[in-house]
Structure formats: C-alpha cells, structure tokens
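# Output the structure for:
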Amino acid sequence: MAEEYDMKTGQLVSRKWREKNALGGSGKWQVEVGEPTSPLVGTLESELIKESSSNPVFMRKDTLTSFQWRIRNLPYPKEVYSVSVEKEQRCCVVRTTNKKYYKKFPITDLDRYQLPLDAAALSFTHANNTLIITYQKPKEILAAEEELQKELKKIKAANDDDSELLPIAQ
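Numbers count the residues shown, from 1 in each chain. This is a model prediction of the structure:
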C-alpha cells in the first residue's frame, strides 16, 4: 500500500494497493483514493484501442469529514439518479431511471473497521456533468484519522530533505 498526503492540509491525496501476481512479481496498482492512473502515452496498447473520452469516470476523493466519490461525464439531470445503500452486500449503488448507468462500489474504510453502513450518512448532488456522492465519516474513523495525523507529524516527508535542493548555477 502507498499513501500520499498533502503537506499543508494533512489530507489524504491518494491511496494505492498492489498485490503479487501468480508468478510472485508485483502486480498493477489498484487506486482506492485519488485520480485513476491512465496508461502511459505512447504505449502500443493505447494506440490500437482507446477508451472514449465521453465514458463515465469513477474516482474517490475524500474530504476531512466525508468519503466522496465523483463520477464525471454523466449528463443527465439530478432527478434521474438514485443512490442507495445495500446493507447485506456492504456497498453503495448508483442507478439511473433511464437505465443508462449502474454502479456498485464498496466503502473499503468501513469494511476495514467493520462498521455498518448507514443510509442516512449518504447524499448526492449533480453539477457540471459530475455526480458527487458523499458519505459522512463515522466518529470511529474520524478518531482513527486524527491519531494517524498525530503520527504523520512525527515523520519527515520524503521530499522534505533540504540537502537534495541545490542552487542552480547560472
């Protein structure tokens, strides 16, 4: 797992997971929080078949008090969308009444802490062809993140070393 934090706000910017593949080598990174990784430009795969730029793009971007998912390129009005919680499957579901979009996604942080899903904590809005789904963080997760922030303040950042910064000769 690799996590990236904003040095000014202390907010989580990205979280990625990588597991070993069948042969024991490193697999591909699975992005949990942050921008999804795009294939490298210039690779043979991306030149032959390319995903449409108008396809919906699903990503998670957390705030200090809530988990937030954004689905870009959804042009329908807000009344078309339905966002609900499936407690038995431990996931959230996004549906459209016109049956043009359907997505199930788990809240992995709640699974890690073994906390129940609460439909009252879920809300959504739509603006600029983007559906924004918000789930308010439970107090247990807020307390754990506060403890993590205290620990992170004790650790020096990877690019915080001034000895690497050399003046540019002119």
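
# and Glu145, how many neighbours does it have?
18 (other C-beta atoms under 10 Å). Every residue, glycine included, has its C-beta placed from N, CA and C.

# residue contacts, Leu152?
Tyr5, Gly10 (C-beta atoms under 8 Å, 6 or more residues apart in numbering).

# Check which residues of the helix or strand where it lies are buried.
Using DSSP states H and E, Leu152 sits within helix 139-154. Going by neighbour count (16 or more other C-beta atoms under 10 Å), the buried part of helix 139-154 is Ile141, Glu145.

# Quick check: the gap between Tyr101 and Thr63.
Using C-beta to C-beta, to the nearest Å, we find Tyr101 at a distance of 24 Å from Thr63.

# Which one of those two is surrounded by more residues?
Tyr101 (16 against 12).

# Spit out the contact partners of that one.
Counting by C-beta under 8 Å, 6+ apart, Tyr101 has contacts Pro56, Ile71, Leu74, Tyr76, Val94, Arg95.

# wait, doesn't Ala2 sit right on Arg15?
Yes. Here Ala2 reaches Arg15: they are 7.4 Å apart, a contact under C-beta atoms under 8 Å.

# Those two: which has the busier surroundings?
The neighbour comparison of Ala2 against Arg15 (other C-beta under 10 Å) goes to Arg15, with 19 against 9.

# quick check, the more buried one in a strand?
Yes. Counting by DSSP: H, G, I helix; E, B strand; the rest coil, Arg15 is part of a strand.

# now the strands for the protein?
2-5, 12-17, 30-33, 57-60, 66-72, 81-86, 91-96, 102-105, 122-127, 130-136 (DSSP state E).

# closest one to Ile155 among those strands?
Of all those, it is strand 2-5 that lies closest to Ile155, at 10.0 Å by C-beta to C-beta.

# Identify all contacting residues around the closest one.
Gln11, Leu12, Val13, Ser14, Arg15, Lys16, Arg18, Trp29, Gly34, Leu152.

# right, and the pair among those with maximum separation?
Gln11 and Arg18 (22.4 Å).

# Tell me who's in contact with Ser14.
Ala2, Glu3, Glu4, Val31, Val33, Gly34, Glu35.
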